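In: Fold the following.
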Amino acid sequence: MLNKKGAVPIKSGFTLIEILIAIFILGTVLTTVYAAYTGTFRIVKDTQYTDDIYSMARRAMKRMTVDLESVCSYRDSFKFATGEIEKEDFMELSFLSSAHLDFYDERSSGIASISYFIVEDSEKEGYVLKRKDELYRDKAEGAEEKISREGGYILCDRLQSLIYKFYDGGGEEYDFWDSESDLKTQNGKAPTVVSIQMNFTDPDDKDRPYRFMTKVFLPVQQGNK
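Out: Residues are numbered from 1 along each chain as shown. Alright, predicted model coming up:
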């Protein structure tokens, strides 16, 4: 492009203000895109975590329900007891059940001593709930029975708390149960109903965990004296 005299070319371009405005607009667009991008991935991650928790809780509750519904007696007496509380809001639980599982021998059957206990999770936040299942061997009279934390299979992880409630035939609620206690409603018996509440950790809000509850009816108690 020439000037009016046709000798010196006139240079055209962007002014500093135009460049700054362009940079500002580009920065705004990139920020919006990045926010939408990271937000989408955060939603996907949260959804996947929630799905994992729901799926894991459903499987654990189903296994515990089958175990408890299969509670059985030995020599006309039930062996059902809560154990020590190793961590806050966690309680051991052991009982005899016909729901024996043997992953190595599918034909294996019999009365099993099933126990639930928790161990610390070194990789994830929260605790691991483990299930131990052994064919029952009659203990000598007076022998102490204590749950061993060696072995067992994982039912679920990322647990924040696990709370049981027990109900006798009259509907009275108990925090603990011991079939070898002197209580008439518990001695030699298993509870009529067991309530299970499982709370799983929520990494975004520790005060509002994922909560699941169920009540299991033990039909064997209907014929119990």
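In: what packs against the helix or strand bottoming out on mean pLDDT in the chain?
Out: One helix or strand of the chain scores below all others by mean pLDDT, DSSP states H and E: helix 16-69, with a mean of 83. On a contact count with 3 or more Cβ pairs under 8 Å, 6 or more residues apart in numbering; DSSP states H and E, helix 16-69 meets strand 93-97, strand 127-135, strand 153-167, strand 193-200, strand 210-217. C-beta here means a position set from N, CA and C on the backbone, and glycine is covered the same way.
In: show me what contacts residue 111?
Out: 72, 74, 96, 97, 98, 100, 135, 136 (Cβ atoms under 8 Å, 6 or more residues apart in numbering).
In: Now list the buried members of these.
Out: 72, 96, 97, 100, 136 (16 or more other Cβ atoms under 10 Å).
In: okay if I get those residues as a markdown table plus pLDDT and distance to residue 36?
Out: Formatted as a markdown table, these follow (pLDDT from 0 to 100; distance: Cβ to Cβ, whole Å):
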| residue | pLDDT | distance to residue 36 |
| --- | --- | --- |
| 72 | 92 | 58 |
| 96 | 95 | 57 |
| 97 | 94 | 52 |
| 100 | 88 | 53 |
| 136 | 86 | 59 |
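In: on that earlier part again, single out the most deeply packed of the helices and strands packed on helix 16-69.
Out: strand 93-97 (a mean of 22; mean count of other Cβ atoms under 10 Å).
In: by how many degrees do it and strand 127-135 diverge?
Out: 30 degrees (axes from the mean of the first three to the mean of the last three Cα atoms, to 10 degrees).
In: Let me know the next secondary structure element after strand 93-97.
Out: Using DSSP states H and E, the helix or strand that follows strand 93-97 in sequence is strand 112-120.
In: How about that following strand, which residues are buried there?
Out: 112, 113, 114, 115, 116, 117, 118.
In: who does it touch, helix- and strand-wise?
Out: strand 93-97, strand 127-135, strand 153-167.
In: let's see 7 Å
Out: strand 93-97, strand 127-135 (3 or more Cβ pairs under 7 Å, 6 or more residues apart in numbering; DSSP states H and E).
In: Dump the shortest one to PDB, restricted to CA.
Out: Extracted as PDB, the C-alpha positions of strand 93-97 are listed here (Å, rounded to 0.1, in the frame of the first residue of the first chain):
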ATOM      1  CA  LEU A  93     -18.800 -60.800  65.200                       C
ATOM      2  CA  SER A  94     -18.700 -64.600  65.100                       C
ATOM      3  CA  PHE A  95     -21.300 -67.300  64.800                       C
ATOM      4  CA  LEU A  96     -22.000 -70.800  63.500                       C
ATOM      5  CA  SER A  97     -23.600 -71.000  60.100                       C
END
